[in-house]
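Undergrad: pasting the structure only:
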């Protein structure tokens, strides 16, 4: 998801962006399925503070959700929201909620009964 945030205020604003999905196993901190990319090169998790946006300026971000391989057929809810991260304590400033459906599941297994036909070339052999 590509998003743009514009600061319509008269002073710099600091914004926190958060994202989650309703399947808790997809939110595993050691292998998160959500990645937020923004102007902050040091944070890419599910909770990112964007560097201050100067008054009248815009910043862009990408929120990526990867569906884990082998996921069952299921319905999920994906949420992204923006909060005030400055001193004004304005709370939540916006939210996007999207229904997500994994409608089919496929699997592939490859095997071979052919012997390995690799040759060997030793030093000095031509």
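TA: Sure, I can see it. Source: prediction; values computed, not measured.

Undergrad: shaky segments in this structure?
TA: The model of the chain has pLDDT under 70 over residues 126.

Undergrad: Show me the residue at the heart of it, geometrically.
TA: residue 35 (2.3 Å; Cα atoms, centre = their mean).

Undergrad: just checking, it touches residue 47?
TA: No: applying Cβ atoms under 8 Å as the test, residue 35 and residue 47 come out as separate, 11.7 Å apart. All C-beta spots, glycine's among them, are computed from the backbone N, C-alpha and C.

Undergrad: Quick one: end-to-end distance for stretch 55-72.
TA: 45 Å (Cα to Cα, to the nearest Å).

Undergrad: Show the subsequent helix or strand relative to the strand or helix carrying residue 80.
TA: Assigned by DSSP states H and E, residue 80 falls within strand 74-84. Downstream of strand 74-84, the next assigned helix or strand under DSSP H and E is strand 92-102.

Undergrad: Can you classify the residue located most distally from the centre of the chain as helix, strand or coil?
TA: Residue farthest from the centre of the chain, counting by Cα atoms, centre = their mean, is residue 124 at 53.2 Å. Three-state assignment for residue 124 (DSSP: H, G, I helix; E, B strand; the rest coil): coil.

Undergrad: burial measure for the residue lying closest to residue 66 once chain neighbours are set aside, as a count.
TA: Spatial nearest neighbour of residue 66, excluding adjacent residues (Cβ to Cβ, 6 or more residues apart in numbering): residue 33 at 4.9 Å. Using other Cβ atoms under 10 Å, residue 33 is surrounded by 19 other residues.

Undergrad: what's residue 33 sitting at in phi/psi?
TA: Note on residue 33: backbone dihedrals following degrees, to the nearest 10 are phi -90, psi 0.
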